[in-house]
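[1] only the shape, not the letters, is given here:
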């Protein structure tokens, strides 16, 4: 009898344990549990922005981690987060930061100033090769932190620093007690890969990773220890479960929105989908938000790395005259009409009119096939046999391949418009689609002719994209991660963009950043044409939506989001 009773108790305990584990993986399953479904376009390379900078990683990181401050994507202003207040020193080299009382990580452990010091130190751990290193370096030296007590710390800059705390919005704060040993052993990065056990991923953000199905979805549950409350006193986040479905194709993404399978898409609507979305909004299936010109712009650039394919026989691919000729071969008005159905604006640089604080008005190259032809002739790319196709100095057809993100309809259509325009100029351009991970790999090794892609804006302030501006940056697209500047103009660009960081007067900073934009336009390493006007859609059941131009448009404020 005792054995039978023991067996029954054991079975009951087993059933309870199974259901408990299941609830940990899938989130609350009770009828009262609230749930949102959003999309991302690719598998994250990591679950922390500390290690990777791709768009999917940044999105997940904002959900799992919290930082000292955050950028309000709706207003583009800096706001308190873990830090409740801060006071800069008169010389601009130190900021005293006060943390909120009672902060905790997702496992319930206290969050203190020591955790902030530890997390900032990780950025400069050479074994991690952090994606944040460039944006948190001033004059070649790191930004550092020292703890005065559990809730007070000093952020110290090597020299006066204009952006202040703003770049720290991207720094995830990790628990020192949990991760100090893995960091010392060089195994920290492995704990945050998509294949790592979710139980080992502890942050202080609004959600906790509970499950990851490779290539399909990421499940997150609300963090019960999250610090933020709504204006009405409601504990955030408002929803119990957030599911991120990995949907590389924009066609499939729109189909899911149409069928009510997702509530939030990873980015703005394609211009082709806006008419249908407006009809759905009229039927109260969706709600739409029109935000103006995008901050991100698709760019065409060539690999200028020393070991780029083709070597000297294809040196013409690395000439500025080629890039200018391409710009002059494309009618931007026709481009806007064809790619964005008229809902776009012409762009002449990498900082778009959507970024009103930092955009410099620079006239684009004029549309002129004649001027384009003169530039191509100058570098020896001529139509030698009169068949309408230009040849290089070795009498080989002037042909190159452009890599484009697979499944990104707008970029693929834009590339087709460029391809047709260049055909009229006598250039042959082949389009090859690759998934985002493959694009990142090609970007890193420089083994491609050209690429047509965009960089996600993490901030409107130029300090948020130092990886692009600096020759040492991993997103210095045409030749990333240079040990020393490869050209005099890149050295000059380094000087300008490093100098603007040291200026505490914002007008002076703006002037230097404008000079950097003029320099970039003179040397023309990237070619831009236009950017769309942004329209964001969510399902009509989502509440407290405050969309912004920065990525992610809606999920940046995921803790506030609720459902009707």
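    Received it, and whenever you're ready, just let me know what you need. Source: prediction; values computed, not measured.
[2] contact partners for the closest residue to residue 413 other than its chain neighbours?
    Among residues not flanking residue 413 along the chain, residue 339 sits closest, at 5.5 Å (C-beta to C-beta, 6 or more residues apart in numbering). For the C-beta atoms, the positions are set from N, CA and C on the backbone; glycine is no exception. For residue 339, the contact set (C-beta atoms under 8 Å, 6 or more residues apart in numbering) comprises 271, 410, 413, 414, 417, 530, 532.
[3] in a helix, residue 339, correct?
    Yes. Assessed by DSSP: H, G, I helix; E, B strand; the rest coil, residue 339 belongs to a helix.
[4] where do the helices sit along the stretch 1-150 of the chain?
    Along the stretch 1-150 of the chain, counting by DSSP state H, counting those that start in this stretch, helices occupy 2-26, 55-64, 113-123.
[5] nearest to residue 293 among the contacts of residue 339?
    Closest approach to residue 293 among these (C-beta to C-beta): residue 532, at 7.6 Å.
[6] which of the three states applies to that closest one?
    Assignment for residue 532 (three-state DSSP): strand.
[7] how near is it to residue 189?
    As judged by C-beta to C-beta, to the nearest Å, residue 532 and residue 189 stand 35 Å apart.
[8] those two: which has the busier surroundings?
    Neighbour comparison, residue 532 and residue 189: the larger count goes to residue 532, with 24 against 20 (by other C-beta atoms under 10 Å).
[9] who are the neighbours in contact with the more buried one?
    Contacts for residue 532 were tallied using C-beta under 8 Å, 6+ apart; they are 268, 271, 293, 294, 339, 340, 343, 344, 410.
[10] make it 10 Å
    268-271, 274, 293-294, 296-298, 336, 339-341, 343-345, 354, 410 (C-beta atoms under 10 Å, 6 or more residues apart in numbering).
[11] same thing with residue 246?
    Neighbour list for residue 246: 39-44, 56, 212-218, 266 [criterion: C-beta under 10 Å, 6+ apart].
[12] could you measure from it over to residue 38?
    11 Å.
[13] quick one: residue 563 and residue 242 touch, right?
    No. Applying C-beta atoms under 10 Å as the test, residue 563 and residue 242 come out as separate, 11.0 Å apart.
[14] give me the common contacts of these two.
    34, 35, 36, 263.
[15] now those residues as TSV including pLDDT?
    Output for the shared contacts of residue 563 and residue 242, formatted as TSV (pLDDT from 0 to 100):
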residue	pLDDT
34	95
35	96
36	98
263	98
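[16] okay if I get these as TSV plus neighbour count and distance to residue 250?
    Output for these, formatted as TSV (neighbours: other C-beta atoms under 10 Å; distance: C-beta to C-beta, whole Å):
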residue	neighbour count	distance to residue 250
34	15	27
35	15	24
36	26	20
263	26	17
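[17] tell me which of those fall in strands.
    35, 36 (DSSP state E).
[18] now the buried members of the contacts of residue 246.
    39, 40, 41, 42, 43, 44, 56, 212, 217, 218, 266 (16 or more other C-beta atoms under 10 Å).
[19] what do residue 246 and residue 38 both touch?
    The contact sets of residue 246 and residue 38 overlap at 218, 266 (C-beta under 10 Å, 6+ apart).
[20] where along the stretch 51-200 of the chain do the strands fall?
    69-71, 78-80, 83-88, 94-99, 137-138, 141-142, 144-149, 152-156 (DSSP state E, counting those that start in this stretch).
[21] poorly predicted segments of the chain, please.
    Applying pLDDT under 70 to the chain picks out residues 1-31.
[22] quick one, domains of it?
    Domain assignment for the chain by automatic domain parsing gives 35-42+193-292+537-563, 67-182, 299-532.
[23] let's have those in TSV, adding distance to residue 61.
    TSV is the format used below for the domains of the chain (distance: least, C-beta to C-beta, whole Å):
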stretch	distance to residue 61
domain 35-42+193-292+537-563	8
domain 67-182	6
domain 299-532	10
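[24] of all these, which one is nearest residue 50?
    domain 67-182 (5.2 Å).
[25] of the contacts of residue 339, which is the nearest to residue 359?
    Looking across these and measuring by C-beta to C-beta, the closest to residue 359 is residue 530, at 14.2 Å.
[26] the closest one contacts residue 341, doesn't it?
    No. Counting by C-beta under 10 Å, residue 530 stays clear of residue 341, with 11.8 Å between them.
[27] and residue 417, how far is that from residue 530?
    10 Å.
[28] about what we covered before: residue 563 and residue 242: which is more packed in?
    Using other C-beta under 10 Å, the more surrounded residue of residue 563 and residue 242 is residue 242, with 27 against 14.
[29] pretty sure the more buried one is in a strand, no?
    Yes. Under three-state DSSP, residue 242 sits within a strand.
[30] got JSON lines for the shared contacts of residue 563 and residue 242, with distance to residue 552 too?
    Below are these laid out as JSON lines (distance: C-beta to C-beta, whole Å):
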{"residue": "34", "distance to residue 552": "20"}
{"residue": "35", "distance to residue 552": "18"}
{"residue": "36", "distance to residue 552": "13"}
{"residue": "263", "distance to residue 552": "13"}
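[31] and residue 192, how many neighbours?
    27.
[32] now do the contacts for the residue nearest to residue 70 when sequence neighbours are not counted.
    Distances taken as C-beta to C-beta, 6+ apart put residue 81 closest to residue 70, at 4.5 Å, once the chain neighbours are dropped. By C-beta under 10 Å, 6+ apart, the residues touching residue 81 are 66-71, 99-100, 168-169, 173, 204-205, 227-228.
[33] which among the residues you listed count as buried?
    Among the contacts of residue 81, those classed as buried by 16+ other C-beta under 10 Å are 66-71, 99, 168-169, 173, 204-205, 227-228.
[34] of all those, which two lie farthest apart?
    71 and 99 (18.9 Å).
[35] show me where the stretch 351-500 of the chain has its strands.
    399-405, 428-434, 450-453.
[36] ok so, going back, looking at residue 417 and residue 530, which is more packed in?
    Taking other C-beta under 10 Å, residue 417 and residue 530 do not tie; residue 530 has more neighbours (24 against 18).
[37] give me the beta-bridge partners of the more buried one?
    Beta-bridge pairing of residue 530 under DSSP bridges involves residue 346.
[38] pull the contacting residues for it.
    293-294, 297-298, 330, 332-333, 335-337, 339-340, 344-348, 352, 364, 414.
[39] one more: residue 293?
    343-345, 347, 352-356, 359, 530-534, 549.
[40] ok, of those residues, which come out buried?
    Listed as buried from those are 343-345, 347, 352-355, 359, 530-534, 549; burial here means 16+ other C-beta under 10 Å.
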